[in-house]
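Q: The sequence and its predicted three-dimensional model are supplied below.
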Amino acid sequence: MTNQRRTAVAPLSGDGRNRSLAPYLRNRRRRLVVSAVDAASESLELSALARRVTAVETGVPASVVCEETAREVCLSLYNNHLPALCAQAVLKVRSRESVVVPGERFAEAVDYLRQSGRAE
């Protein structure tokens with residue numbers, strides 16, 4: 001018998017931190033949030049973010065999304081998805097202005113989505 005070592009699969013980023021983001025980025029709506037903030041380049045108002053996510057989910061331009069649906073998405077983002085992404089330092093929410101901005105680990109999240117083929 002030969003002595004064989006088991007080797008771990010290398011994480012996507014090479015540093016192992018992206019692995020911990022994977023569970024948070026499995027959700028499509030969270031991936032859409034990261035993609036929308038990435039496309040905006042700097043920051044995005046929560047209402048505009050909700051409209052962009054709603055547009056992708058419904059397959060219509062952001063300018064014609066249903067206001068009620070966009071409001072429901074906004075509540076879902078605010079109550080569920082943004083807190084999870086903020087807890088992982090992917091995003092920050094400046095609550096006074098209702099603006100979403102990239103967090104310390106935002107670039108890692110974007111890299112993870114691109115490398116895993118899950119960017120939208």
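A: Structure's in. What do you need? Numbering: from 1, shown residues only.
Q: Which stretches in this structure count as strands?
A: Taking DSSP state E as the criterion, the chain contains strands spanning 44-45, 91-94, 99-102.
Q: As TSV, those with distance to Ala22 and mean pLDDT would be great.
A: For every residue, glycine as well, the C-beta is placed using N, CA and C. TSV is the format used below for the strands of the chain (distance: least, Cβ to Cβ, whole Å; pLDDT from 0 to 100):
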stretch	distance to Ala22	mean pLDDT
strand 44-45	24	94
strand 91-94	16	95
strand 99-102	19	96
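Q: residues contacting Thr74?
A: In this structure residue 74 is Cys, not Thr. For Cys74, the contacting residues are 46-47, 49-50, by Cβ atoms under 8 Å, 6 or more residues apart in numbering.
Q: nearest spatial neighbour of the residue nearest the centre of the chain, skipping sequence neighbours?
A: What sits nearest the mean C-alpha location of the chain, by Cα atoms, centre = their mean, is Val34, with 3.0 Å. Of all residues beyond its chain neighbours, the one nearest Val34 is Ala109 (5.1 Å), with distances taken as Cβ to Cβ, 6 or more residues apart in numbering.
Q: related to what we said a few turns ago, could I get the strands of the chain as a markdown table with mean neighbour count?
A: Conversion of the strands of the chain to a markdown table gives the following (neighbours: other Cβ atoms under 10 Å):
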| stretch | mean neighbour count |
| --- | --- |
| strand 44-45 | 18 |
| strand 91-94 | 18 |
| strand 99-102 | 20 |
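Q: Between those strands, which one is closest to Pro61.
A: Between Pro61 and those, the shortest gap by Cβ to Cβ is with strand 44-45, which sits at 16.8 Å.
Q: The closest one: how far from the chain's middle?
A: The chain centroid and the centroid of strand 44-45 are separated by 14 Å, computed with Cα atoms, centre = their mean, to the nearest Å.
Q: what's the spacing between Tyr78 and Arg26?
A: For Tyr78, the distance to Arg26 under the criterion Cβ to Cβ, to the nearest Å works out to 20 Å.
Q: who's more crowded, those two?
A: Tyr78 (17 against 10; other Cβ atoms under 10 Å).
Q: so that one touches Leu46, yeah?
A: Yes: look at Tyr78 against Leu46 with Cβ atoms under 8 Å: they come within range, at 6.7 Å.
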